[in-house]
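> With the input below, show me the fold.
(chains A, B and C)
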Amino acid sequence: MTTVLDARAERWWSTAGVGLLLPVALLIAWQALGASVGTPRTPLPVNIVKAAAVMIASGDLPAALLQSLGRVFGGFLLAAILAIPLGLLMGYSRAAERNLDPLVETFRPIAAIAILPLAILWLGTGTSAAVAIVAYAAFFPLIVNAVAGAKHVNPTLLRAAATMGLDRMTTIRTVVIPAALPSIGVGLRIAMGVGWTAIVAAELAVGAKAGGGGSGGIGQMMFVFYAYSIELNRIIVCMLAVGLVALLLDRLLRAMMKKLMPWAVQ
Amino acid sequence: MSPPGRPKGEYRSAKHEGSPVTAPAKLRLDGVGKRYPVAGAPDTVAIDEFSLDVRQGEFLVIVGPSGCGKTTVLNVLAGLDTPTRGTVAIDDRLITAPGPDRGVMFQDYALFPWQTVRGNVEFGLRYGPAGAGLDREAREERVRRTIELVGLTGAETKYPHQLSGGMRQRVALARLMANEPEVLLMDEPLAALDAQTRIILQDEMLRIWGQDRPPAERRTVVFITHAIDEAVFLADRVAVMTAHPGRLKVVVDIPLPRPRGDATRALPQFQALTQQIWSLIRDEAYRAAVA
Amino acid sequence: MSPHVGGTRTLPGRSWGALVYLRTMLVFAAVWALVAQWTDNPILLPSPLTVLDAATDLARDLELFEQAGISLGRMVVSISIACLLAVPLGLAMGLSRRFDRIVDPTLEVLRPISGIAWIPLALFIFGIGNALPVFIMTYAAFFPILVGTVAAVRSVDRRLVDVARTMGIPQRTIVTRIVIPAALPSLLVALRLGVALSWTAVVAAELIGAPSGLGYAVEWYRELLATPQVMSFIAMIGVIGYLCDATVRWLNRRFTPWAQSPR
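Residues are numbered from 1 along each chain as shown, chains lettered A, B, ... in the order given. Below you'll find the predicted structure:
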């Protein structure tokens, strides 16, 4: 039997405040401990907030983020233009899949970051290498999901189209593609996440190799703060920014998917 | 059996079930009600003022239209749900939690997919209080006997995903019986089977329950079903429930002779009882189907 | 049934698949050889045969396998640590709504920050060496395994637990003998993802901050402009990544045979 007290306890547990208990406690402990036993270099929550304010106000942080985002979108678009049509084709035609799949499956386990040295070799330490890495990284989730989307179109839908006398091109355009959209949407979300991680990694690695020379971007900024000015507070600001952007990108894509494909409950 | 004209009054107050042969009440539901809070709406009342005595050794079947709360009654008897009103007791002890004395068989068997048939059947004995005091040999013997009872000898090392529906049902039954429960609670155990397998298993159920043995050796069974013919075939008494909120409408005696078999289904009495119960449910069923 | 257009051959599946694979890869190699010939720059694009040569040399003096062993060793350690941390935590979060409500918001803040973003800070804390890759890889595997464990626990069929309760089985036994076995298939799927992300992280971590391993080897040879060797090691990274995934898939089949859907 639930008593009145139990009900009240239940309500307390479900308030938003409960979720904040742990983080706030941790932050306070961190600040206190760090301030008392740490070195002047030790990052502290208060200092991190201060550093963030400085970096945003000076425009450095937004600029770096924008530069990285630009590269991500560039690589993403490149990958999408290649992967989605190819994937749809492979999903629709068994012959295409048979012949092309070995290539996809061979390179898929090779992470984008492993290709980076090759990319640097071919394209130098600038934006093109970074965009190429993002494109490579985003390519695989996009194609895999496009293939799955086209492959798993409900055969009954195709039969319905046939009985309406639609020719192959029209069927692909009006049935296969819309039916595959939810799967493609999933691929877009994964690819965006992977691409964002890849750009940070690429810029970090390039920053490490190019010795702080201007390839820019958030990854490089982080590396500079590590290797040159040793500003741990700023590194953490960058980390939080990376996380925040990842979150926002995902939410944005999810909202877009919902708008474009309300019938696909995810 | 009651001719249609009989005043309802005789059955209405099932609280003091005074049918001719009064065996002691094994299970007693007294004014039981269960309601669930619903966000932003009035509470859902699953069952309301439900009172019923289940006698020792009887096979009681509960029928009613979809959504009438039959499963809730079972859950309350099992101790998986606590009533918001009223009390439920076994042997005059209040039921507050589930336990091996009241074994439950769920609708789709809920077998442990990672265990073999033997693993499933001995599970309660191995890890639960029902196996306390049994050494390994005694336990294995009981498992063997139970598997034999349900007719699954030879399938001990198979996994559930390798078995047919009828066989899975037997495994679920064996798992239940191995704990030697005093009461068996079954929630539409035959619903997932095809019609032919169903009939065969109805016979099996009665055999396992002990219809060939003297009444004193039979266990108490509370069985839920949609199928009225199944209810009439199996039951000593049939409790008819109304649609949501669930209330006990009437309890009908089934004085068909035991042991029952194919011949029973051909009896005119069988037909009459089936018709009687259907006419009691019909309006409720229509309402449930349309709502 | 798939809407696949195009005929199906009648040769036995496995051998036919292998032949097609070979055919595609040979075409790829041929195209590669032609482009390499045309660009005529062995540093930019060595011919496939040169790469094969380099690879066999590296294999012969075991350098290929040594570095692979080091990276693989790090991954095994990382996955073990990640599981030791994430599985109990995930169990607790999945079983207790209240615990989940306290802990989850903090974890949700950390989760979007990829393991790779931690490299600079970790470099500062650990310096260049073994600890850095292990830390990054553990972090990378931690969240997928945690999230997957919570989902696995939550998806356990409620009725299996109810069955055990009706048998009077105590709560602790229910967790060990019911919840964990029932959650195992999903857990192994989460492990697959963790392994994949961890392996991706190893390359990044070793590229930047370790004195050994496959990632380090790739970078080392790049600085020497020894492209054939670079490609050999990249290929090795792919091979090991594939083998690790295949191993987890095998674990799945071996230990949870009841949950295998046709792939």
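> Show me the shaky parts of chain A.
Across chain A, the ranges flagged by pLDDT under 70 are A:1-16, A:208-215, A:264-266.
> Nearest to the spatial middle of it, which residue is it?
residue A:193 (1.4 Å; Cα atoms, centre = their mean).
> now it: how far from residue C:208?
21 Å (Cβ to Cβ, to the nearest Å). All C-beta spots, glycine's among them, are computed from the backbone N, C-alpha and C.
> Kindly report the same for residue C:171.
47 Å.
> Looking at the two, which has the bigger crowd around it?
Legend: neighbour count by other Cβ atoms under 10 Å in any protein chain shown for residue C:171 and residue C:208, higher for residue C:208 (27 against 11).
> next helix or strand past the strand or helix carrying the more buried one?
Secondary structure from DSSP states H and E places residue C:208 in helix C:180-209. Downstream of helix C:180-209, the next assigned helix or strand under DSSP H and E is helix C:214-223.
> Tell me the buried residues in stretch C:109-126?
C:111-124, C:126 (16 or more other Cβ atoms under 10 Å in any protein chain shown).
> On the three-state scheme, the residue of the stretch 51-200 of chain B found nearest chain A is what?
Using Cβ to the nearest Cβ, the single residue of the stretch 51-200 of chain B nearest to chain A is residue B:82, 6.3 Å away. Classification of residue B:82 using DSSP: H, G, I helix; E, B strand; the rest coil returns coil.
> doesn't residue B:98 make contact with it?
No: contact criterion Cβ atoms under 8 Å: residue B:82 and residue B:98 do not qualify, at 10.9 Å.
> how close does the residue in the stretch 51-200 of chain A that chain B sits nearest to get to residue A:128?
Using Cβ to the nearest Cβ, the closest approach of the stretch 51-200 of chain A to chain B is made by residue A:152 at 23.7 Å. Relative to residue A:128, residue A:152 is positioned 36 Å away (Cβ to Cβ).
> same question, residue B:133
When Cβ to Cβ is applied, the distance between residue B:133 and residue A:128 equals 77 Å.
> again with residue C:56
Note on residue C:56: its distance to residue A:128, by Cβ to Cβ, is 33 Å.
> and the two? which has more neighbours close in?
residue A:128 (14 against 11).
> mind checking the SS state of the more buried one?
helix.
> Next, count neighbours for residue B:65.
Residue B:65 has 23 nearby residues by other Cβ under 10 Å.
> and the nearest residue to residue A:88 once chain neighbours are set aside, what is it in contact with?
Computed as Cβ to Cβ, 6 or more residues apart in numbering or on different chains, the closest residue to residue A:88 that is not its neighbour in sequence is residue A:150, at 4.7 Å. For residue A:150, the contact set (Cβ atoms under 8 Å, 6 or more residues apart in numbering or on different chains) comprises A:87, A:88, A:89, A:90, A:91, A:92, A:176, A:180, C:3.
> One more pass at 10 Å, please.
A:84, A:87-93, A:97, A:172, A:176-177, A:179-180, A:183-184, C:2-4 (Cβ atoms under 10 Å, 6 or more residues apart in numbering or on different chains).
> Among those residues, name the ones in helices.
Secondary structure from DSSP state H places A:84, A:87-92, A:97, A:177, A:179-180, A:183-184 of those in helices.
> Rebuild the residues you listed as JSON lines, extending it with neighbour count.
Formatted as JSON lines, the ones in helices among the contacts of residue A:150 follow (neighbours: other Cβ atoms under 10 Å in any protein chain shown):
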{"residue": "A:84", "neighbour count": "21"}
{"residue": "A:87", "neighbour count": "29"}
{"residue": "A:88", "neighbour count": "22"}
{"residue": "A:89", "neighbour count": "17"}
{"residue": "A:90", "neighbour count": "23"}
{"residue": "A:91", "neighbour count": "27"}
{"residue": "A:92", "neighbour count": "25"}
{"residue": "A:97", "neighbour count": "20"}
{"residue": "A:177", "neighbour count": "19"}
{"residue": "A:179", "neighbour count": "18"}
{"residue": "A:180", "neighbour count": "26"}
{"residue": "A:183", "neighbour count": "22"}
{"residue": "A:184", "neighbour count": "24"}
